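Undergrad: this is the structure alone, sequence omitted:
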Ligand SMILES: [Zn+2]
């Protein structure tokens, strides 16, 4: 019984996949902020960078990956083609797998407009600069103290309070 070239290549590929996956998972968990007292009802924070639209991001294998998609893949399994990973908690920065569900783009838009988050026609730059952070503060504040919110978002407490008071 010999080793065919294909068999060896297959083994090497599997090894490589396994090690990059492990590295990805390690980097993911390093950035997750678990709720106090392991209260899984609460959102999981993200101590890392965010996309401009407020979703957590992780650079992996030359791709900028969305934290909520990663969380799904790591904790639940593969994401079917064309499906989006959506939030039940309406907190874009959350990576708690039990707050995530699979849906289509249409469902996402429907949800967003129902919640009044969809801001069509509004100046995009303005949205990122101000309301992105304001929304995230308000979302997180439902589950967390102002101090915790400040820590998650990497902003000062005063900014948090200013965001919470903004309408
Ligand atoms: Zn959540």
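TA: Structure received. The shown structure was predicted, so the numbers you read here are calculated from the model rather than taken from an experiment. Numbers count the residues shown, from 1 in each chain.
Undergrad: could you use CA atoms for every contact and neighbour count after this?
TA: Will do.
Undergrad: three-state assignment of residue 159?
TA: Here residue 159 is helix, with the state taken from DSSP: H, G, I helix; E, B strand; the rest coil.
Undergrad: and it, how many neighbours does it have?
TA: 15 (other C-alpha atoms under 10 Å).
Undergrad: low pLDDT regions in the protein?
TA: 1-2, 38, 108-132, 154, 167 (pLDDT under 70).
Undergrad: show me what residue of it gets nearest to the ion.
TA: The ion sits closest to residue 43 of the chain, with a gap of 3.6 Å, by C-alpha to the ion.
Undergrad: SS state for that residue?
TA: On the basis of three-state DSSP, residue 43 is classed as coil.
Undergrad: and residue 15, how many neighbours?
TA: If we define neighbours as other C-alpha under 10 Å, then residue 15 has 12 of them.
Undergrad: repeat that for residue 144.
TA: Applying other C-alpha under 10 Å, we find 19 residues neighbouring residue 144.
Undergrad: got the end-to-end distance for stretch 137-151?
TA: One end of stretch 137-151 to the other measures 11 Å (C-alpha to C-alpha, to the nearest Å).
Undergrad: no no, stretch 56-66
TA: Stretch 56-66 end-to-end distance (C-alpha to C-alpha) = 6 Å.
Undergrad: can you list the residues of this structure near the ion?
TA: 43, 89, 94, 99 (C-alpha under 5 Å from the ion).
Undergrad: now, which of those lie within strands?
TA: Applying DSSP state E to these, no entry is found in strands.
Undergrad: ok, the residues you listed vs residue 136, which is closest?
TA: residue 94 (9.7 Å; C-alpha to C-alpha).
Undergrad: you'd agree that closest one is up against residue 48?
TA: No: Residue 94 is not in contact with residue 48 according to C-alpha atoms under 8 Å; the separation is 11.8 Å.
Undergrad: between these two, which contacts overlap?
TA: Common neighbours of residue 94 and residue 48, counting by C-alpha atoms under 8 Å, 6 or more residues apart in numbering, are residue 56.
Undergrad: who's more crowded, those two?
TA: Using other C-alpha under 10 Å as the criterion, residue 94 and residue 48 rank with residue 94 on top: 28 against 18.
Undergrad: which residues touch the more buried one?
TA: Taking C-alpha under 8 Å, 6+ apart, we find residue 94 in contact with 43, 44, 45, 46, 56, 68, 87.
Undergrad: kindly recompute the last result at 10 Å.
TA: By C-alpha atoms under 10 Å, 6 or more residues apart in numbering, the residues touching residue 94 are 32-33, 42-46, 54-56, 67-68, 71, 87-88, 100, 136, 139-140.
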